[in-house]
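Q: give me coordinates for this.
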Amino acid sequence: MAARDRADPVKTRQAVLALADWLRDGSRPAPDRDALAAAVRLTARTLAAVAPGASVEVRIPPFVAVQCVAGPRHTRGTPPNVVETDPRTWLLLVTGLSRLVEAHTTGALTLSGSRAGEIDHWLPLFDVS
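A: Numbering: from 1, shown residues only. You can find the predicted model right below:
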C-alpha cells in the first residue's frame, strides 16, 4: 500500500474485523503480516483524517507513522508530541478494546510531549462487537 493511499472506511473496517478474533483473544495465532499491516496503516490514516493536523505524530512501527491533531506544525527533527506503540496495542485502542491511559500505564504505549494524549479524544475509531 502506497503512503499516499487514503483510508477507505469500508476497507478499513473490513481489515479490522478480519483481525477481531485475534484482538479479543491474544492467545490465537497472530494474523499474517500483510493483514496486520493493512489494518494498522488504514486505521492510522483514518485517525489522521478525523483529527487533521500535524502537532502529534503517531508511530506504529514497523508499519506507519502519521501526523494528526490541529495545532502547531512540526517540520524538522524529533517531534515534541509523539505517541508510539506496537501494532496489536494500536488496534486494541482503535477498536475500544483498550484505553489510552491503560496502555500507557502498562508501558504498552509511550506518550511524549504535552499534547500526545489528545489522540484519546478520537479513540476508539471502530466498534468490533
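Q: only C-alpha atoms for contact and neighbour calcs from this point on.
A: Fine.
Q: for the longest helix along the chain, name the packing helices and strands.
A: The residue-count maximum for a helix in the chain (DSSP state H) belongs to helix 33-50. Counting contacts by 3 or more C-alpha pairs under 8 Å, 6 or more residues apart in numbering; DSSP states H and E, helix 33-50 is packed against helix 9-17, strand 64-68, helix 87-94.
Q: low-confidence bits of this protein, can you list those?
A: 1-5, 74-75, 129 (pLDDT under 70).
Q: run the last query once more with 90
A: Along the chain, the parts satisfying pLDDT under 90 run over 1-9, 26, 71-80, 126-129.
Q: quick revisit: residue 33 is nearest to which of the helices and strands packed on helix 33-50?
A: helix 87-94 (10.5 Å; C-alpha to C-alpha).
Q: so which bits of the helix or strand just after the closest one are buried?
A: Using DSSP states H and E, the helix or strand that follows helix 87-94 towards the C-terminus is helix 100-106. By neighbour count on 16 or more other C-alpha atoms under 10 Å, the buried set for helix 100-106 is 100, 103, 104.
Q: then stretch 118-129?
A: Across stretch 118-129, burial judged by 16+ other C-alpha under 10 Å covers 118, 119, 123, 124, 125, 126, 128.
Q: sec struct for the first one, please.
A: Following DSSP: H, G, I helix; E, B strand; the rest coil, we place residue 118 in the helix state.
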